[in-house]
Structures are given as C-alpha cells and as structure tokens.
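**Q** model the structure of this input:
(2 chains)
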Number of protein chains: 2
Amino acid sequence: MDRYSNARVAIVGATGAVGTTMLSILEERRFPLSDLRLLASSRSAGRVVDTNWGSVEVEDLETADPSDVDIALFSAGGSRSLEYAPHFASAGATVIDNSSAFRRDDTVPLVVAQVNDEAIRSNEGIVANPNCTTMVLMMAAGPLHDAAGLKTMFATSYQSVSGSGRTGITQLTSEIDFFDEDRESLVSGGWEEPKGDLYARPIGYNVLPLAGPLSDAGYTEEEWKLVHESHKILGRQEIAIEPTCVRVPVMVGHGIATSMWFDRRVDLDEAVAVLGSAPGMQLWDDTRVPTPLDSAGIDDILVGRLRETIGFPGGISLFAIGDNLRKGAALNAVQLAELLLA
Amino acid sequence: MDRYSNARVAIVGATGAVGTTMLSILEERRFPLSDLRLLASSRSAGRVVDTNWGSVEVEDLETADPSDVDIALFSAGGSRSLEYAPHFASAGATVIDNSSAFRRDDTVPLVVAQVNDEAIRSNEGIVANPNCTTMVLMMAAGPLHDAAGLKTMFATSYQSVSGSGRTGITQLTSEIDFFDEDRESLVSGGWEEPKGDLYARPIGYNVLPLAGPLSDAGYTEEEWKLVHESHKILGRQEIAIEPTCVRVPVMVGHGIATSMWFDRRVDLDEAVAVLGSAPGMQLWDDTRVPTPLDSAGIDDILVGRLRETIGFPGGISLFAIGDNLRKGAALNAVQLAELLLA
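**A** Sure, this is the predicted structure:
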C-alpha cells in the first residue's frame, strides 16, 4: 500500500447525501489533498461545485479516467461500486467503499476508525466502510469487547430516513405535510395512504419495523449486515447477535438499544470507565438523555441510558446514537483516508 | 363480587384521552348499561357530553357521590385513583383502574382480557388495568407462554406520544410545526430547542430513549412496570426480562420488538399456529408489515416480523403493535367490565 502525504482524492457519488457530507468533512478537517475530483452519474455530470479547493466540475463516472487518483471515496450504491471500484484500484487508487458490495469479501478489510484501525493495513486496494447502524453500535461495543470479550449482543435499531439517502428525507417531509392535512385521522384511524414507494409502508408519524429488504430466515439484509459485520469488525465469529432493524421518522441520527454480555461480568463502574475514555464518543450520564437530534451534525457517537442488565445480571444495556451521514458513513470514510495518510 | 346484567357505569377521568376512548368503546360495543355517569376534575365539571344514552353532565370527582355505581372505570391518574377508587369500591362498585396505583398490590388482580381472564374473579372491589406497553406485549407473549412456558424476554419499545395523554399529542404536533420552519437544521444540526417540558428532550422528528421517569438501577418506571406486570400477569416471577422503553414521534400505537425463549424450543410453525389462532390479534405475514399507523383506531393487536431467533436458536422474535388508547387502556378496561357482567 502506498502512503500519501498530499493525496489526490476522488469522491464517487459526490452529489448524494453521503457524498456531499464527505466533501464537507474533507473541508472541515482540512484534509491534505493536492487534487479533488467529483464523480457522479451522467444526470449530475457537468454541475459545478464550489469547494475549499476551488470550483470542481462533476465528472460522469461512466466515462471518467480512473487514473491519477490516490484515494477514491465511493458512495454511489453497491452495483456501481462492484463495477467501478476495481477499475480505480487497478489504476492505483485505494478505494474506500461505503456500499455493502465488498464488506464480506475476505480480502477486503472492514474498518471502523478508532475501533479496528489496524485492519486497514492489509488492504489490497479496497477498504470497506461498514453499514451505518453497525458503525454506531461498534463504537460502543468495540471498547467493551476489547476490555472483556463480547459474547452476546441484542441490538434493536431506530434508524433515520437519511439512511435511505436524500430520497428518504424527501419522503418523510412530504408524508408529514400530507398527514398534517388530517392529523385527527392519525389518532382515530382512517388516514389516507400517502404517495411514494420508497418504503413498504408510510414513515410519517409512523415506525416501520422493516429496514431494507427481507433476506434469509425472516431477517432483513440490514439485520444480517449487523450480524456479519459485527463479527468481522470485532474479529469474533461466535458472538451471538439478535438484531431487529426499524425505521423511524427522524431525519438524521441512528439509535440502537443494545444489551451486551461478555466473557466475564462487567459492572457499571467498569463500563463508565471504558466508555468514558473511548475515542469519538460522548458518554452522557442520566441527568441528560442523548437523542438522534443531538447527534445530527456532530462527529461523536452519543451513549446514554448506561446500566447493568436486570434480566440476566452481569451485562450492560445502553442506547447509542450517531449521525448516520457522518460517523455512520462519510466521517468514517474520511477517517479511513486519514489512516492511509498516516 | 356482584354480577351485573345491566350495569350502572361511571367513567372517572371522562374527559381525558383514555376516558373519552372508554366512552366511545362502551358505545361501539353497545355495553348493557342502565346508567352512565361521567366524572372529572373540577376544571371539566359542568361540561355536557352527548352519548348514545343521552346527554350527560360531567360531575366534579371531588364532590361526587360514589354510591349507586356498579362498575367504575378509572383513568384519572395514580394519585386520584389512590384517593377515590377505595371510596367507590366501599360504596359497592367494582373499580377497573387504569393507573399504576394498585397494579403491584397482591389483593388486586392485574388482568389482560383474553390472556388471564380468570384472575379477575379474585377481585375485592378493585381490578387493575395493565400498563399500555405491557398490555400489547402480553397479548403476544401470553399465548406463547401458555404453549411453551416463557423463560426469557427482551422487550424494546416504540411508544407513541398519546401514552402521555392528550398533552403528548399536542406536544408532538406543536414541535413538528416548530421544526418545519427550519427542516434543514434537523439534518445539519443547529436546530433551536422547541418549547414545552412534557418530555426531557424534543420528540418531534426525534426518538427519546426515556419513557417515564427514571427509577431504580438506571431503569425507568415504565421499564420496571414491564418487568413486574409481566411477571404478575403471566404468573411466573422468574422470567428474565430485559426492558428498554423509548418514546417515538407517533400519535397512537405502541410497538414492541421482542425476542423470547421458552422452557423448550419453539419453532416458526408452532409460533404461527399459536399466534395465528390467538384472540384479539392479527398475525401479518412478511408480505405485509404492520405499523403503529395500522393499529390506530382498531381493537386487534398486530403482530409481524415473526421469525426464529438467530442469536441463540430456539426462540422467537417478533414485532407487536397495539393502539395504546384502545387495547392498551380503554378497550381492555371495557373488556374487563364485560367479564364482570359475564
């Protein structure tokens, strides 16, 4: 792997919700880049974007030259990653891919910055950025796993609509506007079905206990990602994980209620000590309750409602929240790029 | 206990969210009552309510005569129940109390209609209506417990604002209106704090991982209710229960994600057979996803996402939803009144 002190960076999928956040974060962190390219589908090509490094015209991914790029940040969907990421890698770039396309590939490291940084060193041109829900959860589970060895994890999510990209935000706000015409029907029943087929059911003033398409054994792809990616990131296949992924009418910020048990008992004092000193995290005590709104636009994961389990003693329950566009996607990708520079 | 074929009924807290739903449900079910009295705080006294049994003037609870009532449906808060329910019981009524005041009293049965009906026979003048979240969960857990003996239950809730009464609905809609002035700040951060102190944090476009006040060991009163009430309703103190209660920006309909393990393995076929024939419930297969909006205004509990557990095999995971004002409160109270008539 090459090391870059002043990298030539490309963002692929530069006009999407995650892509634009990638650009903001590169700017915020004054990423040491010597050249910036923005690529997207032909629909967005030609648009000019003002950046801290000057105006950049968006290139058409299909016809763009993949050479002369050191780091390519991909967030353009799984099929585009499968098609184009290998081209960029062959042409010399290290690809940091935000899609699920390569996450389970044994030759591709799956890395949460500040949790399993070392894994990035074994990359062969492609590094995978984990799923947004898994990412938030791993920020809390990782330090506790390092301390005591994670054995069992229940994870139940509260995922915001921006996890589905810009269209998720548009769908939610249009449904809120639609339902606001007849709020009484939301209480008494008899509401009319809003338009849109992004989700299987309405999301405005609602909760959808299905995030992503159904897959094997009655679990969704999102739920299986949580299982497989946690195993890979923590390096322990035998962790028993029971996932439930649910979409909620929140713009930005994925929450996860989790209960965890370890190789040995972990009490509250130890959990406070471990999570209170974990990087990239704010541990809020019970005088303050962290919420998704608090996480929107910030880099840190928020952890609250920390407590010892009561069902089976010896474990820890908590609620973890993170901005799914930032740490859940774009920030982690940029942090991985920084690891490549280091 | 007296049996009544044509009962004299009083609703205490008649003008609240649950009280008005109690009246609607008595009307819908053509409850055989010979006299209807409506009681509330002095603030609402004097108001005249049109009912299927004629116009009824709301009486002031403080000065009302508790005699000549067969069944008193209480939903006026715990302190009023503690003060007034014993008066009505002494004067000859059977009180069905929707507050938490008597739920853990050993002399007061705690009854989910269609789950543990027989328990009502031992009442000594007061019957307790369970907590709304517990109620919904018990409708799904009860039949499986009867079939296989519940040992372990994880329950993570998605509770609507109407669980806090009418003020919850007002708080949510006013916050939605407030945030709609600057939706962009919900995505990027920097939003202004809305007014209102009903909840610890904003609920509009947000998720609040705290429902009800904090209590012992870092768990909320709501979470402890779920533990203690489930034990009492199912008649098994040793069930290991790990609860997390969360408020979501939904008007009506409490959802609960749960994973359950039993004295023996329960497979999907058995769970489908048990829940598919359980009373008061609609089991939706994976071609349809039930949501809180679907539950608003209907009597049945909706169960979906039914699947065998993958973390520890042998158990069942599912998502249960119910109208918290109806089955979660008013409907169950009326069903208990019907049991008293039977």
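**Q** now do stretch A:211-222: distance from first to last residue.
**A** Distance between the two ends of stretch A:211-222: 6 Å, counting by CA to CA, to the nearest Å.
**Q** repeat for stretch A:71-80
**A** Stretch A:71-80 end-to-end distance (CA to CA) = 17 Å.
**Q** buried stuff in it?
**A** A:71, A:72, A:73, A:74, A:75, A:76, A:77, A:80 (16 or more other CB atoms under 10 Å in any protein chain shown). (C-beta placed from N, C-alpha, C; glycine too.)
**Q** ok, so of those residues, who is nearest chain B?
**A** Set against chain B, the nearest of those by CB to the nearest CB is residue A:75 (16.4 Å).
**Q** where do the strands of the stretch 101-250 of chain A begin and end?
**A** A:126-128, A:150-158, A:240-244 (DSSP state E, counting those that start in this stretch).
**Q** farthest pair within the buried residues of stretch A:71-80?
**A** The span of the buried residues of stretch A:71-80, defined through CB to CB, is set by A:71 and A:77 at 19.3 Å.
**Q** okay, the strands of the stretch 101-250 of chain A in TSV with mean pLDDT, mean neighbour count and distance to chain B next?
**A** Formatted as TSV, these follow (pLDDT from 0 to 100; neighbours: other CB atoms under 10 Å in any protein chain shown; distance: least, CB to the nearest CB, whole Å):
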stretch	mean pLDDT	mean neighbour count	distance to chain B
strand A:126-128	98	26	22
strand A:150-158	98	24	4
strand A:240-244	98	23	3
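**Q** turn those strands into CSV, including distance to residue B:85.
**A** Listed next are the strands of the stretch 101-250 of chain A as CSV, based on distance: least, CB to CB, whole Å:
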stretch, distance to residue B:85
strand A:126-128, 60
strand A:150-158, 36
strand A:240-244, 38
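**Q** so which residues of chain A form helices?
**A** A:17-28, A:78-90, A:132-148, A:166-179, A:184-188, A:221-234, A:268-276, A:292-295, A:331-341 (DSSP state H).
**Q** which one of those lies closest to residue B:29?
**A** That would be helix A:184-188 among the helices of chain A, by CB to CB, at 16.5 Å.
**Q** and the pLDDT for the residue lying closest to residue A:13 once chain neighbours are set aside?
**A** Beyond its immediate neighbours in the sequence, the residue positioned closest to residue A:13 (CB to CB, 6 or more residues apart in numbering or on different chains) is residue A:76, lying 3.2 Å away. For residue A:76, the model assigns a pLDDT of 95.
**Q** contact partners for the residue nearest to residue A:318 when sequence neighbours are not counted?
**A** Excluding the flanking residues, the one nearest residue A:318 by CB to CB, 6+ apart is residue A:306, at 4.7 Å. Neighbouring residues of residue A:306 by CB atoms under 8 Å, 6 or more residues apart in numbering or on different chains: A:268, A:271, A:272, A:275, A:283, A:285, A:316, A:317, A:318, B:218.
**Q** put the buried members of the residues you listed into a PyMOL selection.
**A** To isolate the buried ones among the contacts of residue A:306 in PyMOL, judged by 16+ other CB under 10 Å, type:
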select buried, (chain A and resi 271+275+283+316+317+318) or (chain B and resi 218)
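**Q** columns distance to residue B:8 on top of the helices of chain A, output as TSV?
**A** Output for the helices of chain A, formatted as TSV (distance: least, CB to CB, whole Å):
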stretch	distance to residue B:8
helix A:17-28	61
helix A:78-90	66
helix A:132-148	54
helix A:166-179	41
helix A:184-188	28
helix A:221-234	52
helix A:268-276	53
helix A:292-295	49
helix A:331-341	65
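**Q** ok, which of those helices comes nearest residue B:199?
**A** helix A:292-295 (11.9 Å).
**Q** the closest one close to chain B?
**A** Yes - on the criterion CB under 8 Å from any CB of the partner chain, helix A:292-295 is in touch with chain B at A:292, A:293, A:294.
**Q** domains of chain A?
**A** Using automatic domain parsing, the domain ranges for chain A come out as A:7-130+A:330-341, A:134-166+A:199-324.
**Q** tell me the most buried of those domains?
**A** Of all the domains of chain A, domain A:134-166+A:199-324 carries the top mean neighbour count, a mean of 22, counting by mean count of other CB atoms under 10 Å in any protein chain shown.
**Q** can you tell me the closest non-neighbouring residue to residue A:35?
**A** residue A:8 (4.0 Å).
**Q** ok, the spatially closest residue to residue A:320 that is not a sequence neighbour - contacts?
**A** Leaving aside its sequence neighbours, residue A:320 sits nearest to residue A:140 (CB to CB, 6+ apart; 4.3 Å). Applying CB under 8 Å, 6+ apart, one finds that residue A:140 lies in contact with A:258, A:275, A:278, A:281, A:301, A:303, A:318, A:320.
**Q** 7 Å instead?
**A** A:275, A:301, A:303, A:318, A:320 (CB atoms under 7 Å, 6 or more residues apart in numbering or on different chains).
**Q** among these, which lie within strands?
**A** A:301, A:303, A:318, A:320 (DSSP state E).
**Q** who's the third one bridged to?
**A** Spelled out, that is residue A:318. Beta bridges link residue A:318 to residue A:258 when assigned by DSSP bridges.
**Q** likewise the second one?
**A** Beta bridges link residue A:303 to residue A:283, residue A:320, judged by DSSP bridges.
**Q** which pLDDT does the model give residue A:283?
**A** 98.
**Q** with residue A:342 instead?
**A** 85.
**Q** got the contact list for it?
**A** Neighbours of residue A:342 in contact, by CB under 7 Å, 6+ apart: none.
**Q** chain B versus that one, what's the distance?
**A** Noted for residue A:342: a distance of 28 Å to chain B, by CB to the nearest CB, to the nearest Å.
**Q** again with residue A:227
**A** Going from residue A:227 to chain B by CB to the nearest CB gives 7 Å.
**Q** if the closest residue to that residue other than its chain neighbours is in a bridge, with which residues?
**A** Spatially, and ignoring its direct neighbours in sequence, residue A:227 is nearest to residue A:241 (4.7 Å; CB to CB, 6+ apart). Beta bridges link residue A:241 to residue A:153 when assigned by DSSP bridges.
**Q** right, and residue A:241 touches residue A:228 too?
**A** No - Residue A:241 lies out of contact with residue A:228 (CB atoms under 7 Å); the separation is 9.1 Å.
**Q** what residues does the closest residue to residue A:225 other than its chain neighbours make contact with?
**A** Excluding the flanking residues, the one nearest residue A:225 by CB to CB, 6+ apart is residue A:131, at 4.4 Å. By CB under 7 Å, 6+ apart, the contact set of residue A:131 is A:100, A:225, A:226, A:229.
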